[in-house]
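Trainee: Got a sequence here, can you model it:
(chains A and B)
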Amino acid sequence: MSEEKNITLVITRQDDPESEPYKETFSVPYRQNMNIISALMEIRRNPVNADGEATTPVFWEMGCLEEVCGACSMVINGEPQQSCTSLVDQLEQPIHLEPMTTFPVVRDLAVDRSRMFDSLKKVKAWIPIDGTYDLGPGPRVAETKRQWAYELSKCMTCGVCLEACPNVNSKSDFIGPAPLSQVRLFNSHPTGEMNSSERLQSIMDEEGIMGCGNAQNCVQVCPKGIPLTTSLAALYRDTAVESFKSFFGSDK
Amino acid sequence: MAGSRGYVNRRLHSLLGVIPLGVFLFQHLTTNYFATRGPEAFNAAAHLIEALPYRYVLEIFIIFLPLLFHGIYGVYIAFQSNFNVNRQGYFRNWMFVFQRITGILTLIFIAWHVWETRVAVGFGWEELNYQLMEDILTQPFFFWFYIVGVLSVTFHFANGLWSFFVSWGITVTPRSQRIMTYVSLVVFLALAYIGVRTLIQFAYGI
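Mentor: Numbering: from 1, shown residues only, chains lettered A, B, ... in the order given. The predicted structure follows:
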């Protein structure tokens, strides 16, 4: 190596869910093609802050390291994103790392995304196929539909869209774009479609589709490029039709 | 179904903003525009509206009840939002913020406007004619108050029309939503022109 280069990280830390957050600065030796995770690993290997004082290692969550699990989301230089695919070379220094604010902090950069998994249960984001005998193969899916539905299935419940949404906050019960888009995914499936009414009914309340304010940040920030606002608009249409059906009465 | 009240209220809020309130806005601005043809034309148009049969029923069910619901529930919606344009400075996010700001401005403006015109006329403190509006709008403060009010109302309606088309599942694709953005911009410019032109007529007689 010709010369030693360092990168500076300013990390918002918090010791436990109840304590006050504070900022700590770290200086980490630069390596080529570094991502945020490798910088955090460096701090974990040598937990000394920029003032040379020994400190506790910074805690964060990670899983797949290839942007498919959603566990390592955090706010990097003001933008919610995955730390595994955030490359140090593309970021302005010092690099600010903060936990996402929409979720309760567990410790340092790790947050508890349980609310998203609760929402997936609320909207019945699955296809019920259990029974007492073999139902045989399901109906075929049209190739065109499979293609767009596949895009929706890329959601990794990372929480970035909820973090960017102005209507997901402590003052409102809105569940956010991610679980709503899953309603469209499962309703588009030929077998899942058999329970489409149930799923639509589950989002026709204070927490559901009408909590959306059409700020459309979600579609801008989604790391998987999921057409979230198209899903939301499609659900606006489906729930409107569902309202007429359930109020005026028609075949179930 | 438990807990559907929030859903129904939001649907109603979205519907009332366009039908009847948007329709009424269009009618109201059009009637006022008669002022540009002179005081007699305005008085004739205003008296035609004033003399409509079962006027109180029309006013209560087409204007005041929808207005109260849309206004009060709208404040509740506006204060449930966290503004984050400093982080996400996208066009639609700015529109989201402006929609809420102009909503609050509109509520203040309309409350004052109704008090100063409809309530005052109703109690016989004032008479409904060209003179009433001329007296108000020749005061510089109220001229600018009305300018801000009219621009807020027309923006809120035009941008709300965009949201209405999404909320009722009419514009689903990004392309249709983008074209609707241009349409709503034209609606805003047209209504703002009609409104501001009328204000200038009352204030400066030109």
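Trainee: So which bits of the stretch 151-252 of chain A are right by chain B?
Mentor: Neighbours of chain B within the stretch 151-252 of chain A, by Cβ under 8 Å from any Cβ of the partner chain: A:164, A:166-167, A:169, A:171-173, A:201, A:204-211, A:213-217, A:220-221, A:227, A:229-230, A:232-234, A:236-241, A:243, A:246. To be clear about C-beta, it is placed using only N, CA and C from the backbone, and glycine gets the same treatment.
Trainee: Against residue B:84, how distant is the residue in the stretch 1-150 of chain A that chain B sits nearest to?
Mentor: Closest contact between the stretch 1-150 of chain A and chain B, by Cβ to the nearest Cβ, is at residue A:78 (5.5 Å). Applying Cβ to Cβ, to the nearest Å, the value for residue A:78 to residue B:84 is 10 Å.
Trainee: The residue minimising distance to the centre of chain B sits in which helix or strand?
Mentor: Centroid-nearest residue in chain B: residue B:153, 3.7 Å away (criterion: Cα atoms, centre = their mean). Element membership of residue B:153 [criterion: DSSP states H and E] is helix B:140-167.
Trainee: and if you look at residue B:126?
Mentor: Secondary structure from DSSP H and E places residue B:126 outside every helix and strand.
Trainee: which stretches of the chain form strands?
Mentor: All of this is about chain A. Assigned by DSSP state E, the strands in chain A fall at A:6-13, A:22-29, A:73-76, A:79-82, A:95-98, A:105-107, A:110-111.
Trainee: To clarify, I was referring to chain B.
Mentor: With DSSP E, there are no strands along chain B.
Trainee: For it, what lies in contact range of chain A?
Mentor: So chain B meets chain A at B:1-7, B:10-11, B:14, B:77, B:79-84, B:87-88, B:90, B:92-93, B:95-96, B:162-163, B:166-174, B:177 (Cβ under 8 Å from any Cβ).
Trainee: Show the buried residues in those residues.
Mentor: Neighbour counting with 16 or more other Cβ atoms under 10 Å in any protein chain shown marks B:4, B:6-7, B:10-11, B:14, B:77, B:80-81, B:84, B:87-88, B:90, B:92-93, B:95-96, B:162-163, B:166-169, B:171-172, B:177 as buried within the residues of chain B next to chain A.
Trainee: For chain A, which residue gets nearest to chain B?
Mentor: residue A:237 (2.3 Å).
Trainee: Can you tell me the closest non-neighbouring residue to that residue?
Mentor: residue B:169 (2.3 Å; Cβ to Cβ, 6 or more residues apart in numbering or on different chains).
Trainee: Could you pull up the residues touching the one you found?
Mentor: By Cβ atoms under 8 Å, 6 or more residues apart in numbering or on different chains, the residues touching residue B:169 are A:233-234, A:236-241.
Trainee: possible to save those residues as TSV with neighbour count and pLDDT?
Mentor: Listed next are the contacts of residue B:169 as TSV, based on neighbours: other Cβ atoms under 10 Å in any protein chain shown; pLDDT from 0 to 100:
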residue	neighbour count	pLDDT
A:233	27	97
A:234	20	98
A:236	25	97
A:237	16	97
A:238	20	97
A:239	23	96
A:240	18	95
A:241	13	94
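Trainee: In helices, which of those fall?
Mentor: A:233-234, A:236-241 (DSSP state H).
Trainee: burial measure for residue 192, as a count.
Mentor: Let's take chain A. Using other Cβ atoms under 10 Å in any protein chain shown, residue A:192 has 21 other residues around it.
Trainee: oops, I was thinking of chain B
Mentor: 19.
Trainee: go on, residue A:245?
Mentor: Residues lying near residue A:245 (other Cβ under 10 Å) number 14.
Trainee: And for residue A:160?
Mentor: Neighbour tally, residue A:160, other Cβ under 10 Å: 27.
Trainee: cool, and the one 3 residues further on?
Mentor: Neighbours of residue A:163 under the rule other Cβ under 10 Å: 27.
Trainee: just residue B:73 next, same as before
Mentor: When neighbours are counted by other Cβ under 10 Å, residue B:73 comes out with 15.
Trainee: Contacts only, for it.
Mentor: B:9, B:12-13.
Trainee: Can you find the residue of chain B that comes nearest to chain A?
Mentor: Distances between chain B and chain A by Cβ to the nearest Cβ are smallest at residue B:169, namely 2.3 Å.
Trainee: what separates that residue from residue A:239, distance-wise?
Mentor: Taking Cβ to Cβ, one finds residue B:169 at 8 Å from residue A:239.
Trainee: just the helices in the chain please.
Mentor: Since you didn't name a chain, this refers to chain A. Under DSSP H, chain A gives helices at A:36-45, A:114-122, A:143-152, A:160-164, A:177-188, A:196-202, A:217-221, A:228-248.
Trainee: Sorry, I should have been clearer: chain B.
Mentor: For chain B, the helices defined by DSSP H cover B:5-18, B:21-33, B:39-50, B:55-58, B:65-78, B:91-114, B:120-122, B:130-137, B:140-167, B:174-204.
Trainee: And the third one, what does it pack against?
Mentor: Okay, so that is helix B:39-50. If contacts are counted by 3 or more Cβ pairs under 8 Å, 6 or more residues apart in numbering or on different chains; DSSP states H and E, helix B:39-50 sits against helix B:21-33, helix B:130-137.
Trainee: Now tell me what touches it from outside.
Mentor: In contact with helix B:39-50 (Cβ under 8 Å, 6+ apart) are residues B:31-32, B:34-35, B:128-131.
Trainee: top of those by neighbour count?
Mentor: residue B:35 (23 neighbours).
Trainee: show me the residues around it that make contact.
Mentor: B:41-42, B:130, B:133, B:198, B:201-202.
Trainee: okay, it: pLDDT?
Mentor: Listed pLDDT for residue B:35 reads 96.
Trainee: What sits closest to it if chain neighbours are left out?
Mentor: Spatial nearest neighbour of residue B:35, excluding adjacent residues (Cβ to Cβ, 6+ apart): residue B:42 at 4.1 Å.
Trainee: Same check on residue A:31?
Mentor: Spatial nearest neighbour of residue A:31, excluding adjacent residues (Cβ to Cβ, 6+ apart): residue A:38 at 7.1 Å.
Trainee: Compute the number of surrounding residues for the one you found.
Mentor: When neighbours are counted by other Cβ under 10 Å, residue A:38 comes out with 16.
Trainee: quick one: low-confidence parts of chain B?
Mentor: Counting by pLDDT under 70, the ranges of chain B that qualify are B:1-3.
Trainee: at 90 what do you get?
Mentor: By pLDDT under 90, the low-scoring segments of chain B are B:1-6, B:87, B:127, B:205-206.
Trainee: Check the stretch 1-150 of chain A too.
Mentor: Checking the stretch 1-150 of chain A against pLDDT under 90 turns up A:1-5, A:129-131, A:134-138.
Trainee: near chain B, which residues of it show up?
Mentor: Contact residues (Cβ under 8 Å from any Cβ) of the stretch 1-150 of chain A with chain B: A:78-79.
Trainee: switch the cut-off to 7 Å
Mentor: residue A:78 (Cβ under 7 Å from any Cβ of the partner chain).
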